[in-house]
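Novice: From the sequence below, what's the structure:
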Amino acid sequence: MSDSRRLLLVHAHPDDEAIPTGATMARYAAQGVQVCLVTCTRGEHGEVVAEELAGLRVGGPEALGRHREGELAAALAELGVYRHHWLGGAGRWWDSGMAGTPENADPRAFARAEPDEAVREVVAILRRERPHVVITDNDQGSYGHPDHIQAHRVTAAAVPRAADPGYAAELGGPWEVAKVYWSALPRSAVQRLVDQGVWEIGAEMPGVPDAEIAARIDGRDYLDAKVAALRAHRSQVNLDDGMFAHIVRAPEFGLEHFQLARGPRGPAAVGEHGWEEDLFAGLAHG
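Specialist: Numbering: from 1, shown residues only. All right, here's what the predicted structure looks like:
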């Protein structure tokens, strides 16, 4: 199948594409939409959860980064997505670690990237891929990870620059992205996990108020592909025990939600808040 629509996602680490957006990627790829992923780091400081990969814990961050390159390639194959860019090239920027950790101070950390350089790299990809719709993290980095916040910042800055004919003409002709979405977890979904005893939270309810969600993509037909992609990230995700083992069994894990940050909101379609059911809704080619 072929389709004129183009979707591009900017995520911080390998596995970030599968957890909040894997079913969306698989659904649009199956429709013939050109889906492209940009990954900002190789996740060099990720926690290795699989005991059979325990050697990666002593191999150092470079070894883990190289291993996760392979995991990501396998995950994308499960999703049917074959267009991928490492921002600045594989290993240009490293995983910054969680907020407040020593890894934040590493000069290679993505959170410490020189903004103009990182933005320029995103602009180059936007002008090459020419997406109609872009997805990235919200301004809180979903759960506060410095790399997720940085992915949001550089994408937000790159989108208008990509459309500016006066900015870096050597990177290619200008391109205006029609719609930008932030991946989002609705609070109603968080509350269900709390009620089921799967997720313990503190005083503040995480997630986004349902009224602030703009779109819900029904990817339940592609849930198997999403779970297979997650399973490919074996060093990082345990699907046999713990929270993810519970979540992946629920059909609702194939429902993915987004806030609209730029562009026209399409016709109301889903639920009391009138969520879109297609990220290309409201676009002439959508």
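Novice: residues of the top helix by length along the chain that come out buried?
Specialist: Secondary structure of the chain per DSSP state H: the longest helix is helix 60-79. Using 16 or more other C-beta atoms under 10 Å as the test for burial, helix 60-79 gives 61, 64-65, 67-69, 71-72, 74-76, 78-79. Backbone N, C-alpha and C define where each C-beta goes, glycine included.
Novice: for stretch 246-254, same thing?
Specialist: So stretch 246-254, judged by 16+ other C-beta under 10 Å, has buried residues 246-248, 250, 253-254.
Novice: ditto for stretch 84-96
Specialist: 85-88, 92-96.
Novice: can I get these in a markdown table with distance to Asp137, secondary structure and pLDDT?
Specialist: Formatted as a markdown table, these follow (distance: C-beta to C-beta, whole Å; DSSP: H, G, I helix; E, B strand; the rest coil; pLDDT from 0 to 100):
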| residue | distance to Asp137 | secondary structure | pLDDT |
| --- | --- | --- | --- |
| His85 | 17 | strand | 98 |
| Trp86 | 17 | strand | 98 |
| Leu87 | 14 | coil | 98 |
| Gly88 | 18 | coil | 98 |
| Arg92 | 19 | coil | 98 |
| Trp93 | 15 | coil | 98 |
| Trp94 | 18 | strand | 97 |
| Asp95 | 15 | coil | 97 |
| Ser96 | 14 | coil | 97 |
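Novice: between those, which is nearest Arg231?
Specialist: Asp95 (21.1 Å; C-beta to C-beta).
Novice: returning to what we had before: quickly name whichever of the buried residues of stretch 84-96 is closest to Glu176.
Specialist: His85 (19.7 Å).
Novice: if I look at that closest one, how far off is Pro20?
Specialist: 19 Å (C-beta to C-beta, to the nearest Å).
Novice: What of Pro146?
Specialist: For Pro146 relative to Pro20 (C-beta to C-beta), the value is 17 Å.
Novice: related to what we said a few turns ago, most widely separated two among the buried residues of stretch 246-254?
Specialist: His246 and Gly254 (14.8 Å).
Novice: For stretch 96-116, which residues meet the burial criterion?
Specialist: 96-97, 103-104, 106, 108-111, 113.
Novice: could I get these as a markdown table with distance to Gly207 and secondary structure?
Specialist: Output for the buried residues of stretch 96-116, formatted as a markdown table (distance: C-beta to C-beta, whole Å; DSSP: H, G, I helix; E, B strand; the rest coil):
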| residue | distance to Gly207 | secondary structure |
| --- | --- | --- |
| Ser96 | 23 | coil |
| Gly97 | 23 | coil |
| Glu103 | 26 | helix |
| Asn104 | 25 | helix |
| Asp106 | 30 | coil |
| Arg108 | 32 | coil |
| Ala109 | 27 | strand |
| Phe110 | 24 | helix |
| Ala111 | 23 | helix |
| Ala113 | 28 | coil |
